[in-house]
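S.K.: A predicted structure for the sequence below; I have some questions about it.
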Amino acid sequence: MLKKTLSAIALATLALGAQAADVLKVAATAVPHAEILNFVKPQLKAQGVDLQIKEFSDYVQPNAAVQDKQLDANFFQHQPYLDSYNKDRKSSLVAVPNGKVHVEPFGAYSSKIKNVNQLKDGAIVAIPNDPSNGGRALILLAKQGLIELKDSKSLTPTPLDVAKNPKKLKFKELEAPLLPRALADVDLALINTNYAIEAKLNPTQDALFIEGADSPYTNIVAARADRAGDATIAKLINALHTPEVKKFIQDKYKGAVVPAF
């Protein structure tokens with residue numbers, strides 16, 4: 001009888017231990033964010049955190065799911081995009097403390113030309129249709145001398161803010177995930193690195209031109225303000241900021257993704 005009682009107590013203790021794991025639900029785009037999260041998942045499990053990763057293919061739903069309390073945090077965006085999203089959707093998501101992880105240098109791609117000097121007058125240029133990434137594309141075009149912007153300090157210019165356009169480029173604004181598929185229909189497409197990698201494009205080899213290391217578009221972990229300081233999220237940030245993660249990013253993405261810690 002005593003043995004049975006002790007066995008029952010032992011099983012109950014194990015069950016309580018299993019239930020004690022802190023569940024952390026994080027939204028991410030597949031590449032590189034979910035890949036990086038999957039890399040740190042075993043480390044977090046050893047610390048009692050059950051990291052559950054929900055993959056999304058767009059840039060709106062990961063924020064909506066966190067704002068609606070379906071998920072705890074997300075990892076897919078940079079601060080200018082988050083600021084724009086909060087303004088447009090009247091939400092209040094925040095970057096978590098020390099939440100910067102990496103930069104994905106933004107690049108320009110073409111299936112029709114091999115060099116930007118071959119870009120013809122009246123060429124069709126596809127850019128993301130959200131304010132922050134569309135602005136990022138225009139800033140990159142301006143740095144190449146292809147256009148001039150009215151305010152060189154703004155992070156969210158639109159095609160209406162183009163002051164000079166000597167080649168009379170025609171801008172086609174598309175949802176960011178659709179840009180790789182538009183390459184056959186346009187002369188130039190400015191594509192977020194996560195979608196470029198998914199489309200088997202190598203940013204450091206295939207891009208005609210690309211952002212430098214001074215890019216202000218560092219990808220962050222974001223959450224609701226009431227969750228940003230959680231100990232469980234802090235464990236995630238610590239796991240993402242290890243030398244092992246830095247090596248993983250450098251070895252796997254070979255310059256297409258650059259650690260920011």
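M.R.: That came through, no problem.
S.K.: low pLDDT regions in the stretch 1-150 of the chain?
M.R.: Within the stretch 1-150 of the chain, the stretches with pLDDT under 70 are 1-20.
S.K.: break down it into its helices, ranges please.
M.R.: Counting by DSSP state H, counting those that start in this stretch, one finds helices in the stretch 1-150 of the chain at the ranges 2-19, 35-46, 61-67, 79-89, 131-143.
S.K.: pick the most deeply packed of those.
M.R.: Highest mean neighbour count of those: helix 131-143, a mean of 22 (counted as mean count of other CB atoms under 10 Å). All C-beta spots, glycine's among them, are computed from the backbone N, C-alpha and C.
S.K.: name the helices or strands packed onto that helix?
M.R.: For helix 131-143, the packing partners by 3 or more CB pairs under 8 Å, 6 or more residues apart in numbering; DSSP states H and E come out as helix 79-89, strand 124-128, strand 148-149, strand 188-191.
S.K.: what lines up beside the shortest one in the sheet?
M.R.: Strands adjacent to strand 148-149 in the sheet, as given by DSSP bridges, are strand 162-164 (antiparallel).
S.K.: which residue is nearest the centroid of this protein?
M.R.: Closest residue to the average C-alpha location of the chain: residue 76 at 3.0 Å, with CA atoms, centre = their mean.
S.K.: the nearest residue to that one once chain neighbours are set aside and residue 128, how far apart?
M.R.: Nearest in space to residue 76, with sequence neighbours left out and distances taken as CB to CB, 6 or more residues apart in numbering, is residue 29 at 4.4 Å. For residue 29, the distance to residue 128 equals 14 Å [CB to CB, to the nearest Å].
S.K.: can you check residue 21 too?
M.R.: From residue 21 to residue 128 the distance is 38 Å (CB to CB).
S.K.: for residue 67, same thing?
M.R.: Distance, residue 67 to residue 128, by CB to CB: 21 Å.
S.K.: how deep is residue 71 tucked in, by neighbour count?
M.R.: Residue 71 is flanked by 24 other residues according to other CB atoms under 10 Å.
S.K.: distance of it relative to residue 23?
M.R.: Distance of residue 71 to residue 23, given as CB to CB: 11 Å.
S.K.: how about residue 256?
M.R.: Residue 256 sits at a distance of 31 Å from residue 23 (criterion: CB to CB).
S.K.: go on, residue 257?
M.R.: Note on residue 257: its distance to residue 23, by CB to CB, is 27 Å.
S.K.: who's more crowded, those two?
M.R.: Neighbour count, other CB under 10 Å: between residue 257 and residue 23, residue 257 has more, with 26 against 10.
S.K.: which residues touch that one?
M.R.: Listed by CB atoms under 8 Å, 6 or more residues apart in numbering, the contact set of residue 257 reads 32, 102, 103, 104, 193, 249.
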